[in-house]
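Chemist: no sequence on this one, just coordinates:
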């Protein structure tokens with residue numbers, strides 16, 4: 001009986017982690033879509049920083065930021081450190097692939 005309870009507990013944790021992972025990618029897609037709409041804007045780099053901050057804030061508020069090595073966080077860090085329009089396009093393309 002104890003093994004069944006432990007197995008159910010691990011299964012529940014695993015399913016919650018899976019849901020959190022996909023929710024984080026959906027959030028990333030939401031913010032990268034907003035960013036891609038303004039890719040031609042002259043204040044583009046300010047918008048990058050703003051959407052990056054909003055995304056990280058929402059990730060933290062939902063408790064998805066328990067590991068900085070998650071790829072949905074790393075791709076945003078890469079985008080903000082690179083700061084090019086191409087990195088935004090790559091960010092958005094990755095989000096589209098991960099959410100479909």
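Modeler: All right, it came through fine. Quick caveat, the model's predicted, so the values are computed rather than measured.
Chemist: drop to CA atoms for contacts and neighbour counts, all remaining ones
Modeler: Noted.
Chemist: Could you give the number of residues near residue 13?
Modeler: Neighbour count for residue 13, taken as other CA atoms under 10 Å: 12.
Chemist: Name the nearest residue to residue 29, sequence neighbours excluded.
Modeler: Among residues not flanking residue 29 along the chain, residue 95 sits closest, at 5.0 Å (CA to CA, 6 or more residues apart in numbering).
Chemist: ok, which stretches of the chain are helices?
Modeler: For the chain, applying DSSP state H gives helices covering 2-37, 44-62, 71-82, 85-99.
Chemist: May I see the buried residues of stretch 54-69?
Modeler: 55-56, 58-59, 64-65 (16 or more other CA atoms under 10 Å).
Chemist: Distance to residue 31 and pLDDT added to these, as TSV?
Modeler: Formatted as TSV, the buried residues of stretch 54-69 follow (distance: CA to CA, whole Å; pLDDT from 0 to 100):
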residue	distance to residue 31	pLDDT
55	7	96
56	10	94
58	10	94
59	11	93
64	16	86
65	16	75
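Chemist: Low-confidence bits of this structure, can you list those?
Modeler: 1, 67 (pLDDT under 70).
Chemist: at 90 what do you get?
Modeler: 1-8, 41-42, 44, 63-70, 83, 100 (pLDDT under 90).
Chemist: hang on, the earlier thing: how about the buried residues of stretch 54-69 in JSON lines, adding distance to residue 73?
Modeler: Output for the buried residues of stretch 54-69, formatted as JSON lines (distance: CA to CA, whole Å):
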{"residue": "55", "distance to residue 73": "9"}
{"residue": "56", "distance to residue 73": "8"}
{"residue": "58", "distance to residue 73": "12"}
{"residue": "59", "distance to residue 73": "9"}
{"residue": "64", "distance to residue 73": "10"}
{"residue": "65", "distance to residue 73": "8"}
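Chemist: between these, which is closest to residue 19?
Modeler: Of all these, residue 64 has the smallest distance to residue 19: 10.3 Å, by CA to CA.
Chemist: what's near enough to touch that closest one?
Modeler: By CA atoms under 8 Å, 6 or more residues apart in numbering, residue 64 lies in contact with 20-21, 24.
Chemist: Please repeat the previous calculation with a cut-off of 7 Å.
Modeler: Neighbouring residues of residue 64 by CA atoms under 7 Å, 6 or more residues apart in numbering: 20, 24.
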